[in-house]
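Colleague: sharing a sequence plus its predicted fold:
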Amino acid sequence: MHPRLRPWTEALFPAWEALNRDPSIAQWLGGAMDAAQSRVAFDRVASGVADQGWGVWAVLDETGEAVGAAGLHALNGDLGFEGVEAMWRLRSDAVGRGLISGVMPSILTDGFARLSIDEILAFTARSNVRSQAVMRRLGFIRDEGRDFDHPGLADDHPLRPHVMYCCSRVQEGQPR
């Protein structure tokens, strides 16, 4: 059985909360979300899929358990640019099982079909080499000229330097 996607529902909120408290995820996000932050983020992603038909989905593993999140997120300019971001998170016990590589190609294909965009962005801290490897496997190409310092992190924060990867409509659909 391949990984599946499912809209976030209230029944999946505990899985969402656990995901955002997982130390292996929190280390790349500048810290774990508290209960209030997790609720706000959950409501945003759950309503996004329900209202738009696209967004960030729950990733279910082979047993049907929600072990991660993956999807597309509209950027509003808070980082100094706009666009559509491909994002994913997996619980530490679900990493390395091909779950993101299994679901993201269909998310990217749907995003290009559904949205009037020429590219989908993916970015992470410069030190997050595992995530960058996933980006490359998915067909994203590094765009060093668009690397940036995350404005939400202190100047001396080790995660502040970010790298940018892009997947263009022309690249989409090619073998990943």
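Modeller: The structure has been received and is ready for your questions.
Colleague: any stretches of the protein with poor pLDDT?
Modeller: 1-2, 30-31, 170-176 (pLDDT under 70).
Colleague: just give me the longest helix of it.
Modeller: helix 35-52 (DSSP state H).
Colleague: pull up the pairing partners for the helix or strand following it, direction included.
Modeller: Once the chain leaves helix 35-52, the next helix or strand it forms, by DSSP states H and E, is strand 56-60. When sheet partners are counted by DSSP bridges, strand 56-60 sits next to strand 4-6 (antiparallel), strand 66-76 (antiparallel).
Colleague: phi, psi of the nearest residue to Trp28 once chain neighbours are set aside?
Modeller: Closest residue to Trp28 apart from its sequence neighbours, by Cβ to Cβ, 6 or more residues apart in numbering: Asn128 at 5.4 Å. C-betas here are computed from N, CA, C, even on glycine. Main-chain dihedrals, Asn128, degrees, to the nearest 10: phi -90, psi 80.
Colleague: assign the residue most central in space within the chain to helix, strand or coil.
Modeller: Nearest to the geometric centre of the chain sits Met87, at 1.3 Å (Cα atoms, centre = their mean). Using DSSP: H, G, I helix; E, B strand; the rest coil, the structure places Met87 in strand.
Colleague: hang on, isn't it packed against Gly71?
Modeller: Yes. Checked against Cβ atoms under 8 Å, the pair Met87 and Gly71 is within contact range at 6.7 Å.
Colleague: what sits in contact with each of those two?
Modeller: Shared contacts of Met87 and Gly71 (Cβ atoms under 8 Å, 6 or more residues apart in numbering): Val56.
Colleague: got a list of what Arg6 touches?
Modeller: Leu12, Trp57, Ala58, Leu60, Ala66.
Colleague: one more time with 6 Å
Modeller: Arg6 is in contact with Ala58, Leu60, counting by Cβ atoms under 6 Å, 6 or more residues apart in numbering.
Colleague: all strands for the protein, in order.
Modeller: 4-6, 56-60, 66-76, 82-90, 119-125, 141-142, 148-149, 161-168 (DSSP state E).
Colleague: and those strands: which comes nearest Ser47?
Modeller: Smallest distance to Ser47 across the strands of the chain (Cβ to Cβ): 10.7 Å, for strand 56-60.
Colleague: from Ala113, how far off is Val163?
Modeller: 27 Å (Cβ to Cβ, to the nearest Å).
Colleague: turn the strands of the chain into TSV, including distance to Val40.
Modeller: Output for the strands of the chain, formatted as TSV (distance: least, Cβ to Cβ, whole Å):
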stretch	distance to Val40
strand 4-6	21
strand 56-60	14
strand 66-76	14
strand 82-90	16
strand 119-125	22
strand 141-142	32
strand 148-149	24
strand 161-168	23
